Structures are given as C-alpha cells and as structure tokens.
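Novice: coordinates only, sequence not included:
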C-alpha cells in the first residue's frame, strides 16, 4: 500500500511542479500583456499628440493662406498701375503689353480672356472681342471697332499713335 501512496505522491508532486511551471508561465504572460497594454497606451497618447500637431499645422496653413490672399488682393491696384505705366511707354506696335487686372468686385484681380499681347494685336481685334474685354473691365463698349480700341487703349494706358 505504501508503494501505491508513493506512486500517487509522485504523481501529485509531478502535477504540482507542472502547475507551478504553468503558473510561472501565466505570470510571465500576464507581465507581457501588461507591457503590451502600457505600450498601446503610450502609442495612443503619441497618436493623440500627433493629431493635435496636425490640426495645429492645418490651422496655421489656413491662416497663412488667408494672409497671402489678403496680400495678393492688396497688390492688385499696384499691379494694375505698374502694368499701365509699362504700357504707356510701349515704343512700338510689337512691344509686349503687361496685362491689367480687373479692379471691380466681379472678377477682381483676374485678367480678362483675350487681353491683347501688343498694340498690333489690339488693332486687329474684332468688335465682339473688344466689347467683351470692355465689359469685363466695367466699361460700356462704344458703337464701332475704332471707338472700342480707343476705350481699351485708354483703360490700359496704351498710347495709340494717329
């Protein structure tokens, strides 16, 4: 009988050792899980910080874009004056003209389509093109091509030799 008890005791001891090993493995796994959870928490905090930084950069870009737009809008009258000064000094029919931007609320800062490249191009324009250009600048077109040419030349400060 003692032998049976010894065998059972040995089996219980083996089971106990196995359970102890399993408990140690479980404790190790729990430590690993805790470490992963802590890492995830750290990553989540880093992600939140990065998202705040991205939002701050986006807000700064929006502000910079608004400031740049304001600067560009403020420069339109100077751009128009500079173009007119250049155009007034064009010595020949082939001298390139500088485009004069629109200074009205509608189309502010834009240059009308078909702006003449030089005096020769202006002289060769048809009544429809001239009328549209003048209307874009807020000028009522005259009745003839010659009148429209003079109106546009006056608006862009281009001297028209007679």
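Specialist: Everything's here; your move. This one's a predicted model, so the numbers in the text were calculated from it and none came from an experiment.

Novice: any idea how many residues pack against residue 101?
Specialist: 19 (other Cβ atoms under 10 Å). Where you see a C-beta, it was placed from the backbone N, CA and C, and this is true even at glycine.

Novice: on the three-state scheme, the residue nearest to residue 77 when sequence neighbours are not counted is what?
Specialist: Closest residue to residue 77 apart from its sequence neighbours, by Cβ to Cβ, 6 or more residues apart in numbering: residue 103 at 6.4 Å. Here residue 103 is recorded as coil under DSSP: H, G, I helix; E, B strand; the rest coil.

Novice: mind checking how far residue 103 is from residue 158?
Specialist: Computed with Cβ to Cβ, to the nearest Å, the distance linking residue 103 and residue 158 is 17 Å.

Novice: and the two? which has more neighbours close in?
Specialist: Using other Cβ under 10 Å as the criterion, residue 103 and residue 158 rank with residue 158 on top: 23 against 15.

Novice: identify the residue nearest that one in space, chain neighbours excluded?
Specialist: residue 87 (4.7 Å).

Novice: distance of the one you found from residue 147?
Specialist: 19 Å.
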